[in-house]
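J.: kindly generate the corresponding structure for this input.
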Amino acid sequence: MLELSNAINRNTLLQASMLTCCILVLRQDHSVQFCSAGHPPLLRINDSGIEPLSTGGILPGLIDYPAYQASTLHLSPGERLAVFSDGLLDSAATVSQRERLEEAIMKQLQGSSRLDLADAVDITLRRFDEFATTSCRDDATLLMIEPMNTTESETLRC
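T.: The predicted structure follows:
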């Protein structure tokens, strides 16, 4: 993350842009190492609720040699990790509309924990379309990750 931030800091075109970044390293033991640079917190989703996870790094490129901290978590069966861009929750015109959008997305993410991953993402983004204001839309990216069970991983090996 440090190298990316320094590269942005030294590039004239990129200095004029604002971006966030989240780096994930997925491991076979179902652990995920992550580091954030100005990115919204990742969400750990399970039957108990939604837990925001953040390393709280500064936006990349703002200063020379910023410090970033990586965190590691282990996903148990039945848990998911949601990674999303800020536009997923901020694409509404007013504060009250943004609050309703965030509430709808969080409720949908929590309610989708028993759905297939692709369906969970699709339904959540459809819910986003219902609440987001067209004129205020930012990019809205949603990535969901869950551990594969043993049968799935054996099936995928060649």
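J.: do I have it right that residue 140 meets residue 90?
T.: No. Using CB atoms under 8 Å, residue 140 makes no contact with residue 90, being 9.0 Å away. Glycine gets a C-beta too; all of them are placed from N, C-alpha and C.
J.: so between the two, which is more surrounded?
T.: A direct count of neighbours by other CB atoms under 10 Å for residue 140 and residue 90 places residue 140 higher, at 19 against 16.
J.: what sits closest to residue 69 if chain neighbours are left out?
T.: Closest residue in space to residue 69, ignoring its immediate chain neighbours: residue 55 at 5.0 Å, by CB to CB, 6 or more residues apart in numbering.
J.: now stretch 25-32: mean pLDDT?
T.: For stretch 25-32, the mean pLDDT works out to 94.
J.: give me the contacts around it.
T.: Stretch 25-32 has contacts (CB atoms under 8 Å, 6 or more residues apart in numbering) with 24, 33-34, 72-76, 81, 145, 147.
J.: so for that stretch, what gets flagged as buried?
T.: Residues of stretch 25-32 classed as buried by neighbour count (16 or more other CB atoms under 10 Å): 30, 32.
J.: quick one: it to chain centroid distance?
T.: Stretch 25-32 has its C-alpha centroid displaced from the chain centroid by 16 Å (CA atoms, centre = their mean, to the nearest Å).
J.: and if you look at stretch 25-40?
T.: 10 Å.
J.: swap in stretch 52-63?
T.: That offset, for stretch 52-63, works out to 13 Å (CA atoms, centre = their mean).
J.: list the contacts of that stretch.
T.: 1, 4-5, 7-9, 11, 14-15, 18-21, 34-44, 66-71, 73.
J.: lovely, talk soon.
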